[in-house]
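Q: the sequence and its predicted three-dimensional model are supplied below.
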Amino acid sequence: MLTSLFMITVSGILFWMAALTLWWMLHAWRTPETLAGTGFGPADGVCGLSFSLLVPARHEQEVLERTVERLLESGHTAYEILVIVGHDDPQTAEVALRMADRAPERVRVVTDTHEVKNKPKALNTALPYCRGEVVGVFDAEDQVHPDLLAHVDHAFRASGAAVVQGGVQLINFHSSWYSLRNCLEYFFWFRSRLHLHARKGFIPLGGNTVFVRTEVLRAAGGWDQDCLAEDCDLGVRLSSGGAKVVVAYDSAMVTREETPGTLYSLLKQRTRWNQGFLQVYRKKEWRRLPSLRQRLLARWTLTTPFLQAFSGVVIPIDLLLALSVKLPVSVALFSFVPAVPALATIAFEAVALHDFGVQYDLRVRPVHYLKLIAGGPLYQVVLAGAALRAVWREHRGQRGWELTRHVGAHLG
Amino acid sequence: MTALLDTAARPPITPPEVRPPLLKRSVRRLGPDGWSALAVTLAVLAVQAWNIAGFPAVSDDEGTYLAQAWAVQHHRGLAPYTYWYDHPPLGWVQLAVLSGLPELLASPEHVLTAELRIAMLPVTAASALLLHLLARRTGLPRWAAALAVLLFGLSPLAVGLQRELFLDNFAVLWILAAFALAASPRKHLWHHVAAGVCAGVAVLSKETAAVLLPALMLLLWQHCDRSTRKFSLVGFGSALALVALGYPMYAALKGELIPGPGHVSLLGGLLFQLQRAGSGSVLTPGSGSRRVLDSWLYYDRVLITGGLAAALALLGSRRLRAPALAVLLLAAVVLRPGAGYLPAMYVIQALPFLALALAGAAHHGARLVLHAVPRVGLRPLRWAVLALAAVLAAGWTVPRWYAGDRTALTVNANAQYDATARWIRAELPDPAHTRITVDDALWLDLVRDGFVPGSGVIWFYKVDLDPAVAATLPLGWRSLDYIVSTPALRQDPNDLPTVRAALAHSAVVASFGDTQADRIEIRRIVKDAAQ
């Protein structure tokens, strides 16, 4: 009886967790109107705002030049690029200075002299130097579309928003089994889930292709230097304060990135994010949100990595128990209920992979679908590992910045 | 002057916004569509509810499903005897939920199985409302949608079959819900997922609903937007598959998926249904299937022939192609060469689509008459032609339907059963220690009277066919005290030796009915007779 009650409770909770996650994951495809609303409106060609684009670079001399060159191809007329390099990183600094020489009216170099370095410190260092009305952030390996600024400009003016978040997309799905899943995660996040957050008024922003009105950013005091997910934190602080955020995704104009090169670096990156989410959760800025629903969404979102890890590990155990322990048939049947949204999620992931291939003109082969399905449980284990690791590190007070190395696999 | 100022300072006499009371608001919210649907549904309900327990005669199958619902209600598994996967169980699980209430209201006037038919009224009502919604969503004007509901619910064939406790009526409800959701004008992903869930429930209510799935998928395809179609189709498909998978999952958990010694199995049940002795082709005069078809046509020719013809014509209309396809799929299954067993209730699933097709054809016909060749005016003539066509159609249909529906509203076809149930209640003194074998239609009555369900009051064919029941009868027919001989029981006693022996070694103590064919006899087993 007790086992039955336990199984029913666990299965019920797992079902709702999986179903709710799926519901949100598919937000953009709910209706054709929702999907149409996730893109940029047609740009009007007016350059109404001026931009300061921040590019923090750390030991990224291999990719920085290409990134800045690509930014310089932008069709917008009023923007500047501030490359931020560390005082202890002469190689990257050399590339940055060379770029500044090549386009002195566009590119400036800001040197970050903090003893212990991280991305928010670098961004804060550059913030006082920004002359534009809007600050945009890009990573050193980002491939930015030349029309992006014009569209962002229009989005700001058309919506009156304080923040515009553009799409970021990992592209190299063919590199390995986990990069396939990693790419899809980004696809669901930027293509779909973030739009829901923007609509509900609570949004953890992405790390780049994010644009904030300079005065809003300065009033908020810039980025939190001690937070491992400064991007998420900024979004939570701004949206909790009532700032209007617009998300726009257009496959032609997303910022293309690459997945971490090894499974271990993926684990490290994910640990950092999870730890950052934990920190943001504990800062309790989200409590300023006016409605209970928003606060619940915030609570849920910021603890998602842990819930996900939990459900990813518990669902198989649940099913195993259902098969091995002698239970009443109805209870055993009920314990399979969480498998319903879980299996539906796999089906939707396969459709999304197809859609991803169509949108980015990439050839998705049958073997990739196989990898997607077979890699699912394994990826859950990695995610669960990263979640546990994050909790452990946060508990031990290890809050150092584990940087992800980039080799340029997405530069084709 | 001061007085004037005072008035100006006062709050306005009427508050700025007066909210109408709740009733008025909901009335307004219902809109003309809601009113039209409600009105025709109420008309259908009125006809179907009147004399529901009197006509048609209770069938053995109704008793079976009701007994199985009783077993679900009383936590005795999915059937009072071993559940052998003859049909998926969701139909009588729903019946179990619905029959709780009328059981409290049931009067002892009629046999309980017939009394509990009240449980089908909400099902019919919901189906009628959904059909109206579906008709509107497939582009029919309000009058045609209302016509579809009236055709669906007032045809004498429908009045008879929809009153009965058949699984097909539940399947119709869910498949109509699936169709209406698939045609949702918002094209919402979750409506399409819900359509998949409903279709799954429909198939698990009555497996033959699966025949309609291609038509449902066509409708879904037509109503999806290009940009979200992939997601909608996969959402629909996975919902349908995952709900339907629950059934084999249940069997697997019980270790009854695959046939084996000493237990029933899903696969075994499925094979039985597929290999069930065919009732011949409907094209062969005199075959069982032909007799079933003739009985349908006896009750209503209009809906069947008119609906079929309309469906053929509507294949050319994009918006009504899916319901037309539904009709033709169902017809194709009946007409296919080497057709198997054709049950009488098979037509139930076709009724809403036949009605929709006929109403759709009427709509198209009316539009053709009114708007074809617009350069030729002739408005009065067009309206006259239309009125004449309507009068002719009504003149052909209404007298037949009136006669059929009047029978349904007045005749008590269950008098023998009612009398039998009353006699047993009055004359058998010790039900708890009396063993009696009856057909399924009487079973629940006797359970209510205090006979021990399963081994005290026994479905007659279980005496010979269920080893678990035979084990409780160590002396064979001598272990029984009474046998109630009904037409259903006398149908094929040759396969049932114990039942035949019980009939042979028993004496009539009461008998009801005039003709030999539909007589019900209560017979006491004569135990000391020589073998």
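A: Received, thanks.

Q: what is the burial count for residue B:190?
A: Using other CB atoms under 10 Å in any protein chain shown, residue B:190 is surrounded by 17 other residues. (Each C-beta comes from the backbone N, C-alpha and C, glycine too.)

Q: and it, what element?
A: helix B:189-205 (DSSP states H and E).

Q: repeat that for residue A:136.
A: For residue A:136, the host element (DSSP H and E) is strand A:134-137.

Q: strand partners (parallel or antiparallel) of that strand?
A: Using DSSP bridges, the strands paired with strand A:134-137 are strand A:51-56 (parallel), strand A:210-213 (antiparallel).

Q: and the strands in the chain?
A: No chain specified, so I'll use chain A. Ranges of strands within chain A are A:51-56, A:79-86, A:107-112, A:134-137, A:163-166, A:168-170, A:210-213, A:245-248, A:255-257, based on DSSP state E.

Q: was after chain B, sorry
A: According to DSSP E, the strands that chain B contains are B:436-438, B:457-459, B:482-485, B:506-512, B:520-525.

Q: let's have these in TSV, adding mean pLDDT and distance to chain A.
A: Below are the strands of chain B laid out as TSV (pLDDT from 0 to 100; distance: least, CB to the nearest CB, whole Å):
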stretch	mean pLDDT	distance to chain A
strand B:436-438	91	30
strand B:457-459	90	24
strand B:482-485	92	34
strand B:506-512	91	40
strand B:520-525	91	38
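
Q: out of those strands, nearest to residue B:282?
A: strand B:457-459 (30.3 Å; CB to CB).

Q: any idea which helix or strand in chain A has the lowest mean pLDDT?
A: Least confident helix or strand of chain A, by mean pLDDT, DSSP states H and E, is helix A:292-324 with a mean of 82.

Q: any buried residues in that one, and which?
A: For helix A:292-324, burial by neighbour count (16 or more other CB atoms under 10 Å in any protein chain shown) applies to A:294-295, A:297-298, A:301-315, A:318-319, A:321-322.

Q: one more: stretch B:288-304?
A: Within stretch B:288-304, the residues that qualify as buried are B:288, B:289, B:290, B:292, B:293, B:296, B:299, B:300, B:302, B:303, B:304, counting by 16+ other CB under 10 Å.

Q: and if you look at stretch A:223-239?
A: Buried, per 16+ other CB under 10 Å, within stretch A:223-239: A:223-225, A:227-239.

Q: filter those down to the ones in helices?
A: Residues of those located in helices (DSSP state H): A:230, A:231, A:232, A:233, A:234, A:235, A:236, A:237, A:238, A:239.

Q: residues of chain A that sit close to chain B?
A: Contacts of chain A with chain B, taken as CB under 8 Å from any CB of the partner chain, map to A:23, A:26, A:29-32, A:35-36, A:322, A:329, A:332-333, A:336, A:340, A:343-344, A:347-348, A:350-351, A:354-355.

Q: got the phi and psi for residue A:241?
A: Main-chain torsions, residue A:241, degrees, to the nearest 10: phi -80, psi 0.
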